[in-house]
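Visitor: Quick one, what's the 3D model for this:
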Amino acid sequence: MSDRKENERQRQERADLVNAFTRTAWQSSSQPRVGPRVLAGGAALVLVAGATFGLGAVVSNRHKQAASERARQLALAAQNRRTTPSLQVPASPTASPTPTPLPTRRHVRSVRPARSPRSVSSARGGRDAYRALQAESFARRSKHLSTENSNDTGGGRNIASAANGDWAYYTRIDFGSTAATRFYARVASDKDQGYGRVEVRLDRPGSTPIATLYNINTGGWQNWSTVSVGANGLTGVHNVYLTFKSDQLWDFININWFRFGH
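Guide: Sure, this is the predicted structure:
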């Protein structure tokens with residue numbers, strides 16, 4: 001019996017404890033019971049929220065001012081462009097690749113044996129007309145005219161195969177101030193005397209010959225002999241043409257060298 005009462009008493013105490021706890025936890029919201037820590041936390045939350053709102057308002061205001069100032073500058077720039085002539089700044093030239101230069105074509109006049117060369121104007125100064133001028137040292141020659149090794153004294157080469165219509169051209173031959181009156185040539189031939197002739201002309205291939213040398217038979221194309229003829233008096237610097245004339249078809253003379261004399 002005592003145990004039962006004791007049990008009832010404990011159940012009652014537990015029920016009372018539960019009721020008291022329930023009343024404390026679910027009391028009316030109109031009269032909340034808030035401790036000092038809760039009040040302090042709430043106040044701090046209010047202060048933080050206020051500061052955040054104030055900072056946001058300040059930042060937003062600055063952004064609005066900056067945007068307004070930018071819009072004002074753009075408007076002024078647009079107005080200046082309408083009223084002020086724009087300055088054209090020359091664009092820097094675009095570098096273009098250097099074209100590869102084309103090879104220069106040299107015009108070489110094709111000359112037939114029966115034609116004379118175009119005249120070339122003389123130049124001041126040049127080779128001494130009174131010293132031996134190697135016949136193969138021409139500036140130009142006709143197509144048929146050739147050169148070969150010479151058996152003459154001193155060796156070297158000579159011009160050969162000279163026939164009617166051939167020519168050789170020598171530039172800047174200086175005759176000086178005393179007139180030249182002789183023409184000398186070192187020649188070889190196996191043709192009869194008078195088979196052909198060498199005409200000496202100055203400055204133009206069609207000018208009047210200043211000297212005319214007829215071939216002689218030296219006994220062979222490498223049997224050499226020196227011959228001379230008179231020449232019209234001439235001074236100064238000239239271009240010299242040796243033109244070969246013959247009434248026959250075949251070659252008639254070889255020349256190793258030539259010069260002028262007084």
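Visitor: In the chain, where is pLDDT below threshold?
Guide: Within the chain, the stretches with pLDDT under 70 are 1-4, 18-61, 63-64, 67, 75, 77-125.
Visitor: which residues in it form strands?
Guide: 127-128, 133-134, 140-141, 146-149, 157-162, 167-174, 180-189, 196-202, 211-214, 220-234, 237-246, 253-261 (DSSP state E).
Visitor: Direction included, what does the last one pair up with?
Guide: Which is strand 253-261. strand 133-134 (antiparallel), strand 157-162 (antiparallel), strand 180-189 (antiparallel) (DSSP bridges).
Visitor: picking that back up, tell me which of the strands of the chain approaches L76 most closely.
Guide: strand 167-174 (78.4 Å; Cβ to Cβ). (Each C-beta comes from the backbone N, C-alpha and C, glycine too.)
Visitor: distance of the nearest residue to F183 once chain neighbours are set aside from A15?
Guide: Residue nearest to F183 in three dimensions, not counting chain neighbours: A211, with 3.9 Å by Cβ to Cβ, 6 or more residues apart in numbering. Per Cβ to Cβ, to the nearest Å, A211 is found 164 Å from A15.
Visitor: more crowded one of the two?
Guide: The neighbour count for A211 versus A15, taken as other Cβ atoms under 10 Å, is higher for A211 (23 against 10).
Visitor: Check whether that one really touches A185, as I assumed.
Guide: No - in this structure, A211 is not within contact of A185 by Cβ atoms under 8 Å, at 9.4 Å.
Visitor: Can you lay out the strands of the chain as CSV showing distance to E6?
Guide: Output for these, formatted as CSV (distance: least, Cβ to Cβ, whole Å):
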stretch, distance to E6
strand 127-128, 159
strand 133-134, 159
strand 140-141, 154
strand 146-149, 157
strand 157-162, 157
strand 167-174, 155
strand 180-189, 169
strand 196-202, 166
strand 211-214, 173
strand 220-234, 167
strand 237-246, 159
strand 253-261, 165
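Visitor: which one of those lies closest to N7?
Guide: Comparing the strands of the chain by Cβ to Cβ, strand 140-141 comes nearest, at 151.1 Å.
Visitor: Show me the contact partners of stretch 186-193.
Guide: Identification of contacts with stretch 186-193 by Cβ atoms under 8 Å, 6 or more residues apart in numbering yields 132, 152, 158, 195, 213-227, 250-258.
Visitor: Buried ones among those residues?
Guide: Buried residues within the contacts of stretch 186-193, counting neighbours by 16 or more other Cβ atoms under 10 Å: 152, 158, 195, 213, 215-218, 221-222, 224, 251-258.
Visitor: who's in contact with T212?
Guide: Listed by Cβ under 8 Å, 6+ apart, the contact partners of T212 are 197-200, 229.
Visitor: Revised request: answer the last question for G194.
Guide: G194 sits next to 214-215 when contact means Cβ under 8 Å, 6+ apart.
Visitor: How much space separates it from Q222?
Guide: Counting by Cβ to Cβ, the gap from G194 to Q222 is 21 Å.
Visitor: follow-up on the earlier one: out of the strands of the chain, which gets nearest to E69?
Guide: strand 167-174 (84.8 Å).
Visitor: one step back: just the buried residues out of the contacts of T212, in ChimeraX syntax.
Guide: Typed into ChimeraX, the next command selects the buried ones out of these (criterion: 16+ other Cβ under 10 Å):
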select :197,198,199,200
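Visitor: Can I get the contacts of T212 in JSON lines including distance to S142?
Guide: As requested, the contacts of T212 are arranged in JSON lines below (distance: Cβ to Cβ, whole Å):
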{"residue": "R197", "distance to S142": "16"}
{"residue": "V198", "distance to S142": "13"}
{"residue": "E199", "distance to S142": "14"}
{"residue": "V200", "distance to S142": "16"}
{"residue": "V229", "distance to S142": "22"}
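Visitor: so which of the contacts of T212 comes closest to V240?
Guide: Closest to V240, out of all of these and judged by Cβ to Cβ, is V200, at 6.6 Å.
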